[in-house]
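*Asks:* pasting the sequence and the predicted model now:
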Amino acid sequence: MELHLHKRNLEEFKIRMRKRFPQLTELDLQHEEGKEERMLRMIAYKLHKTKRELQAIISGL
């Protein structure tokens, strides 16, 4: 899963994900440079979604 987040995009991504999925915590959306894949796997796990489903959700944000 590819996701390139810049600081501005990251904040917008977090806001939109938290609005759509209130069960996500700040810790779930914690971003470390170069570890986007890890964050996305954690989000997919918490939402009980597959990689493909999560990609569709992100594309629709």
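*Replies:* Received the coordinates, thanks. Residues are numbered from 1 along each chain as shown.
*Asks:* all helices of this protein, in order?
*Replies:* Using DSSP state H, the helices found in the chain span residues 7-20, 36-47, 51-59.
*Asks:* buried stuff in the shortest one?
*Replies:* The neighbour-count check on helix 51-59 (16 or more other CB atoms under 10 Å) flags 54-55, 57 as buried. Backbone N, C-alpha and C define where each C-beta goes, glycine included.
*Asks:* quick check: Met42 vs Leu27, distance?
*Replies:* Note on Met42: its distance to Leu27, by CB to CB, to the nearest Å, is 9 Å.
*Asks:* tell me the most buried of the helices of the chain?
*Replies:* helix 36-47 (a mean of 15; mean count of other CB atoms under 10 Å).
*Asks:* what separates that one from the chain centre, distance-wise?
*Replies:* 6 Å (CA atoms, centre = their mean, to the nearest Å).
*Asks:* now Pro10: closest residue in space, sequence neighbours ignored.
*Replies:* If you look again at residue 10, you'll see it is Leu, not Pro. Distance criterion CB to CB, 6 or more residues apart in numbering; nearest residue to Leu10, sequence neighbours excluded, is His31 at 5.6 Å.
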